[in-house]
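Student: coordinates for the following, if possible.
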Amino acid sequence: MSPSIVEHFSSLQDHRIERHKKHQLIDIVVLSLTAVISGAEGWKDIVEFGESKLEWLRQFVPLKHGIPVDDTVARIISGLSTKGFQDCFQSWIQSVVQVTEGEIISIDGKTHRRSHDKKSGKKALHMVSAWANENNLVLGQVKTREKSNEITAIPELLKVLELKGCIVTIDAMGCQEKIIGNIVDKEGGYAIAVKGNQGKLHESIVDFFDTAECHGFKDVNYRYTETLDKGHGRVEMRRYWISDHLDSLHEPQRWKNLAAIGMVESERHKGDKVSIERRYYILSFFEISLFANAVRSHWGIENKVHWVLDVTFKEDNSRIRRGNATHNMGVIRHMALNLLKKEKAKRSLAGKRLRAAFNDKYRTNVLFSI
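Tutor: A predicted model of the protein is given here:
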């Protein structure tokens, strides 16, 4: 076990009465993390893993009284402060990862679909996460009970991120003056999608590119590039334009450090079907290669984080919903994802989890991968 995990999570405040503490809090955190790395999805899985790997676990935490029953694990994890657990994750990841200048940090939200409870009126948890594309790691997360609350959650997440010299990408929900101001104040750049939630801005960008295209971009300062992707019977051509012509925009002064606007046209061919989609952006830079990289990288948070959590970790099917457990287990999955991605074996994440379930030495390698 990387000593930093025990060190950074030992500061968690324990909600239990002292005389009732048979099992140490850090023991339960380490048990849950290593079980999730090894394929566990629920409380019973965590306990079964612990009972079969008790001696291996005792290399890292004492587990003086052995493995608790599943209800005890659920009660302890669900009772932990979400902010406290999140802060420990943040402290750990900042101690082991250095975000370098030029890193593209993608921010996006994901709903834990089965975390709602109709009987109690509990809504599904929505978690906004930050993904460092070059480092291939989740850098942090903030919870919210509504997708619409991403507008308030994103600034909270930005507070704990190191953004100097980085480019932040967010979908249209993040196209807010305050959010862009927060990024710039932390010396970061941005590539933010623009849709109907910023109606007049969106209309003015669409009008600019439509007019410029009709006239072959004559007398317009612009840059262009394109990419071609093939795979799984699909061909996708992506065309990128940026321009620093901002005079025709609606209230460009609202957007701090605004340097350019961008358009991406995706032309997809699958069999006999052809689809074309255009998306629009505001940018703090005027570099076409950086724009193309930022757009492609933002799609990475869907493919490398959200899709993996649903398909490999079965997060969308998880019925863990007691107390704060949905959030805290979500953070544990982020930790497991980070450690598994950094382990260098050339296997799928599902293959790595399977190997970790059987092989003590390999599981130890995963824990020391960061």
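Student: packing partners of whichever helix or strand Asp108 is part of?
Tutor: Element membership for Asp108 (DSSP states H and E) is strand 104-111. Using 3 or more CB pairs under 8 Å, 6 or more residues apart in numbering; DSSP states H and E, the elements in contact with strand 104-111 are strand 126-132, helix 150-159, strand 167-170, helix 288-301. Any C-beta I mention is one placed from the backbone N, CA and C, and that applies to glycine too.
Student: of all these, which lies closest to Tyr240?
Tutor: Among the helices and strands packed on strand 104-111, the nearest to Tyr240 by CB to CB is helix 288-301 (4.8 Å).
Student: C-terminal to the closest one, what's the next element?
Tutor: helix 307-311.
Student: which other helices and strands contact that next one?
Tutor: Helix 307-311 packs on helix 325-342, going by 3+ CB pairs under 8 Å, 6+ apart.
Student: now the angle from the next helix or strand after the helix it packs on to helix 325-342?
Tutor: Downstream of helix 325-342, the first helix or strand assigned by DSSP H and E is helix 349-358. Put simply, helix 349-358 runs at 100 degrees to helix 325-342, going by axes from the mean of the first three to the mean of the last three CA atoms, to 10 degrees.
Student: distance between helix 349-358 and the chain's centre?
Tutor: Its chain's C-alpha centre and that of helix 349-358 lie 22 Å apart, by CA atoms, centre = their mean, to the nearest Å.
Student: pLDDT averaged over it, what's the number?
Tutor: For helix 349-358, the mean per-residue pLDDT is 96.
Student: go on, stretch 259-276?
Tutor: 91.
Student: do stretch 59-71 as well
Tutor: 94.
Student: list the buried residues of that stretch.
Tutor: 60-61, 63, 67-68, 70 (16 or more other CB atoms under 10 Å).
Student: mind checking the end-to-end distance for that stretch?
Tutor: By CA to CA, to the nearest Å, the extent of stretch 59-71 from end to end equals 24 Å.
Student: quick check, nearest of the buried residues of stretch 59-71 to Ser52?
Tutor: Ile67 (9.3 Å).
Student: can you name the residues that contact the closest one?
Tutor: Ile67 sits next to 31, 47, 50-51, 54 when contact means CB atoms under 8 Å, 6 or more residues apart in numbering.
Student: phi, psi for Glu55 please.
Tutor: Main-chain dihedrals, Glu55, degrees, to the nearest 10: phi -70, psi -40.
Student: please list all residues in contact with the closest residue to Arg234 other than its chain neighbours.
Tutor: Leaving aside its sequence neighbours, Arg234 sits nearest to Lys270 (CB to CB, 6 or more residues apart in numbering; 4.7 Å). Counting by CB under 8 Å, 6+ apart, Lys270 touches 233-235.
Student: narrow those residues to those in strands?
Tutor: Judged by DSSP state E, these include 234-235 as members of strands.
Student: and which of the contacts of Lys270 is nearest Phe313?
Tutor: Using CB to CB, these come closest to Phe313 at Arg234, 25.9 Å.
Student: what is the burial count for Ile320?
Tutor: For Ile320, the neighbour count with other CB atoms under 10 Å is 21.
Student: got a list of what Lys186 touches?
Tutor: Applying CB under 8 Å, 6+ apart, the residues contacting Lys186 are 158, 161-164.
Student: could I get the pLDDT score of it?
Tutor: So Lys186 comes in at 96 (pLDDT).
Student: buried residues in stretch 7-18, which are they?
Tutor: 8-9, 12.
Student: run through who's touching that stretch.
Tutor: Contacts of stretch 7-18 (CB under 8 Å, 6+ apart): 21, 25-26, 29-30, 76, 79-81, 84-85, 88, 91-92, 95.
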